[in-house]
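*Asks:* coords please:
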Amino acid sequence: MELKPLLFAALMSLPVTQASAETPPLDGHYYLTGAMEMGAELLLRKDGTFDAGVAYGSADGFAKGTWRVENNTVTLKSETKAASNSDLSGLFQDLQLAIEPNCLAVDFGNGKACFRRQ
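*Replies:* Numbering: from 1, shown residues only. Purely as a prediction, here's the structure:
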């Protein structure tokens, strides 16, 4: 039995947490900037999991899930389901963040905002 295919398959199942060799690790605590009347935090962990929270007016939401990097984009996969219409946790389901210098950029439909590491 040859171990190379098994090792390759095991490595491919690990979360990808870095965009490229030139990009610094992306794990860390981020805060949303540039989104009017919206506040959000994002914690990316080295193990490929995340926690996030968002508030917009009287609505808010919290999410947990996994993240990965592919094609210079961070994709969040939330495991949290929205509990009501005012629960914004669904914003983090399949959310894609473009990796830019000093910014994980997102467009919530009213222009680009950035998650910045503090």
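*Asks:* among the helices and strands of this structure, which has the poorest mean pLDDT?
*Replies:* For the chain, counting by mean pLDDT, DSSP states H and E, helix 4-12 ranks last in confidence among helices and strands (a mean of 35).
*Asks:* the helix or strand that it is followed by pairs with which strands, parallel or anti?
*Replies:* For helix 4-12, the succeeding helix or strand toward the C-terminus, using DSSP states H and E, is strand 28-33. Strands adjacent to strand 28-33 in the sheet, as given by DSSP bridges, are strand 38-44 (antiparallel), strand 112-117 (antiparallel).
*Asks:* can you pull the buried residues of the first one?
*Replies:* By that I understand strand 38-44. Of the residues in strand 38-44, those buried by neighbour count under the rule 16 or more other C-beta atoms under 10 Å are 38, 40-42, 44. Heads up, the C-betas are built off the backbone N, CA and C, glycines and all.
*Asks:* next one: it to chain centre, how far?
*Replies:* Centroid separation between strand 38-44 and its chain, computed with C-alpha atoms, centre = their mean, to the nearest Å, is 9 Å.
*Asks:* go on, the last one?
*Replies:* When C-alpha coordinates are averaged (C-alpha atoms, centre = their mean), strand 112-117 and its chain have centres 11 Å apart.
*Asks:* list the buried residues of that strand.
*Replies:* Burial within strand 112-117, assessed by neighbour count using 16+ other C-beta under 10 Å, is assigned to 113-115.
*Asks:* quick one: the strands paired with strand 28-33 as a markdown table, columns for distance to residue 52 and mean pLDDT too.
*Replies:* Conversion of those to a markdown table gives the following (distance: least, C-beta to C-beta, whole Å; pLDDT from 0 to 100):
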| stretch | distance to residue 52 | mean pLDDT |
| --- | --- | --- |
| strand 38-44 | 5 | 94 |
| strand 112-117 | 9 | 93 |
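*Asks:* adding distance to residue 66, write those out as JSON lines.
*Replies:* Converted to JSON lines, the strands paired with strand 28-33 look like this (distance: least, C-beta to C-beta, whole Å):
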{"stretch": "strand 38-44", "distance to residue 66": "10"}
{"stretch": "strand 112-117", "distance to residue 66": "17"}
